[in-house]
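Engineer: Whatever this is, show me its structure:
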Amino acid sequence: MTKKHLINSIYRATEGEGIFLGRPQIFVRYQGCAVGCLNCDSKDTWDFSEEMGVSIDSVMNQIHLEGLNGAIKNVSITGGDPLHPSHVPHVLELVKRLKDKKYYINLEAAGTRVVDEIFDLVDFISFDYKTPSTGVKTPLRNIAKLIAQYPGKFQVKAVVADRVDFVSTLEAFKAVSAEKFEENMSMNFPWVLTPCFNNFEEFPMDRFKDILAWNEESGGYFRVIGQQHKWIFGPDQKQV
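Structural biologist: Take a look at the predicted model:
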């Protein structure tokens, strides 16, 4: 493989969102994303910057060092978009190398595509449902495919900015539920709501309270989990 891995950063941090909140991990953040979420807090990862290319050996060495010489064995592959077609061969190469070294691998997926060759190998998939405030749509067939092929191996995460986002997520949940129940397939997976915490914004307490209330009033289908790293370090700090 001649083309190098485009890497924005590799760093150790405690997971700040989703069901792994509070777990130390090594984050491998790929450089390059074409999804284009309007409220993205990592727009510095969008450009496919060839000068950020590094070898697989360099990536593995950095993971080992950031993991305190291999003491931490949890890796989260994120971006950017690690499932962009140009990244897929490199992410697949990295996943295979990490599995050989007995790492537990979480993959952060944008929700726009399912890549079986990678999903089959990783230990867990954090799959986005894109809400209206992002300006991007997640095909519900992608979530249905996860339910069918990867039971017990994924969570769905939705960033919620307002009531419109919440209603959209609730409708998506019910639509997927109705389809799967007809096929006698379980909906037993975590669907997480993340209250939006924008750059340069004070802690959105009212938004958080509203989402908690909407969830309760609608039947409590979701787990509401805030972005802990933003509470602690502020919404603009990177690599935390």
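Engineer: Burial check on residue 129, number of neighbours?
Structural biologist: Residues lying near residue 129 (other Cβ atoms under 10 Å) number 25. C-beta here means a position set from N, CA and C on the backbone, and glycine is covered the same way.
Engineer: beta partners of the closest residue to it other than its chain neighbours?
Structural biologist: In this structure, residue 129 finds its nearest non-sequential neighbour in residue 158, 4.3 Å apart by Cβ to Cβ, 6 or more residues apart in numbering. In this entry, residue 158 is beta-bridged to residue 193, by DSSP bridges.
Engineer: wait, residue 158 sits on residue 191?
Structural biologist: Yes: using Cβ atoms under 8 Å, residue 158 is in contact with residue 191, at 7.4 Å.
Engineer: Pull out the buried residues from the lengthiest helix in the chain.
Structural biologist: For the chain, the helix reaching the highest residue count under DSSP state H is reported as helix 163-182. The neighbour-count check on helix 163-182 (16 or more other Cβ atoms under 10 Å) flags 165-166, 168-170, 172-173, 176, 179-180 as buried.
Engineer: same check, this time on stretch 223-238
Structural biologist: Those would be 224-227, 229-230, 235, for stretch 223-238 by 16+ other Cβ under 10 Å.
Engineer: roughly how far is that stretch from the heart of the chain?
Structural biologist: Computed by Cα atoms, centre = their mean, to the nearest Å, the chain-centroid distance of stretch 223-238 equals 14 Å.
Engineer: ok, residues contacting it?
Structural biologist: Residues outside stretch 223-238 that contact it (Cβ atoms under 8 Å, 6 or more residues apart in numbering): 9, 13-14, 16-19, 21-22, 41-42, 44, 190-195, 197-201, 203, 208, 211-212, 215, 240.
Engineer: if I look at residue 128, how far off is residue 205?
Structural biologist: 24 Å (Cβ to Cβ, to the nearest Å).
Engineer: now for the longest strand along the chain, which elements pack on it?
Structural biologist: The residue-count maximum for a strand in the chain (DSSP state E) belongs to strand 5-14. Secondary structure elements in contact with strand 5-14, counted by 3 or more Cβ pairs under 8 Å, 6 or more residues apart in numbering; DSSP states H and E, are strand 24-30, strand 53-54, helix 56-66, helix 88-100, helix 228-233.
Engineer: Ok, which of those comes nearest residue 132?
Structural biologist: Taking Cβ to Cβ as the criterion, helix 228-233 is the member of these that comes nearest to residue 132, at 21.6 Å.
Engineer: Where in the protein is the helix or strand with the lowest mean pLDDT?
Structural biologist: Scoring the helices and strands of the chain by mean pLDDT, DSSP states H and E places helix 163-182 at the bottom, with a mean of 90.
Engineer: So what's the gap between it and the chain middle?
Structural biologist: 19 Å.
Engineer: Over to stretch 134-143?
Structural biologist: 14 Å.
Engineer: Need the contact partners of that stretch.
Structural biologist: Outside stretch 134-143, the residues that touch it by Cβ under 8 Å, 6+ apart are 35-40, 110-114, 127-130, 156, 159, 172, 175-176, 179.
Engineer: Convert the C-alpha atoms of that stretch to CSV, please.
Structural biologist: Extracted C-alpha coordinates of stretch 134-143, given in CSV (Å, rounded to 0.1, in the frame of the first residue of the first chain):
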residue,chain,number,x,y,z
THR,A,134,-26.8,18.8,10.9
GLY,A,135,-28.1,19.2,7.4
VAL,A,136,-27.3,15.6,6.7
LYS,A,137,-29.6,12.6,6.5
THR,A,138,-29.0,9.0,7.8
PRO,A,139,-30.8,6.4,5.7
LEU,A,140,-32.9,4.3,8.1
ARG,A,141,-32.0,1.2,6.1
ASN,A,142,-28.4,1.6,7.5
ILE,A,143,-29.7,1.3,11.1
